[in-house]
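1. Please work out how this folds:
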Amino acid sequence: SPAPQQAMALPVERPRDVRGQAPARGAMLNPVAGRIVRQFGQTDEGGTASKGLVFNANPGARVMAPYDGQVVYAGPFRGYGRILIIEHAGGYHTMLSGLGRIDCAVGQWVVAGEPLAILAEQGGAGLYVELRRDGQPVNPVPWLAAGNG
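-> Now for the predicted structure:
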């Protein structure tokens, strides 16, 4: 398994085509074509409340940036497998896990809808998406574009 990439010296300047404002409610895209099968706050069999959403999508599906930002982590992480963390303006971060392949690098600036990864072919429960503001999980659903979930 390749070593994780972590942000060390990130490029200082944001490209002009990358929005520099925090994501507004309804402005984020679904990161994968699929339906939500686990909601924020929904408890699992063990009674643990979900801090994000799970999308049921086809194995090997393309995973896209939900909003403009900068990749700050890409690689394996604890029990999550391969993950991506994208930093958005305004103290927001999106974490994506369940990835089989990552096609972007730490420090890379991305725009909403840009392909970033491929969903795992097997062994996963879909794409897990967590949105955080100032380090605290928030329900991503109000941030997703209307008709986008």
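2. quick one: average confidence on stretch 36-55?
-> In this model, stretch 36-55 has a mean pLDDT of 90.
3. what's in contact with that stretch?
-> 30-32, 34-35, 56, 95, 125-131, 137, 139-141, 149 (C-beta atoms under 8 Å, 6 or more residues apart in numbering). Yep, even glycine has a C-beta here, placed from its N, CA and C like the rest.
4. Report the buried residues of it.
-> 36, 38, 40, 50-55 (16 or more other C-beta atoms under 10 Å).
5. Then stretch 83-91?
-> Of all the residues in stretch 83-91, those buried under the rule 16+ other C-beta under 10 Å are 83-89.
6. tell me the centre residue of this protein?
-> Note on the chain: the residue nearest the mean C-alpha position is Leu96, at 3.3 Å, using C-alpha atoms, centre = their mean.
7. Assumed that one was part of a helix.
-> No: applying DSSP: H, G, I helix; E, B strand; the rest coil, one finds Leu96 to be strand, outside a helix.
8. Helix or strand: which one has the closest residue to it other than its chain neighbours?
-> Spatial nearest neighbour of Leu96, chain neighbours left out: Leu84 (4.7 Å); criterion: C-beta to C-beta, 6 or more residues apart in numbering. Per DSSP states H and E, Leu84 falls inside strand 82-87.
9. Pairing partners for that strand, with directions?
-> strand 69-76 (antiparallel), strand 92-102 (antiparallel) (DSSP bridges).
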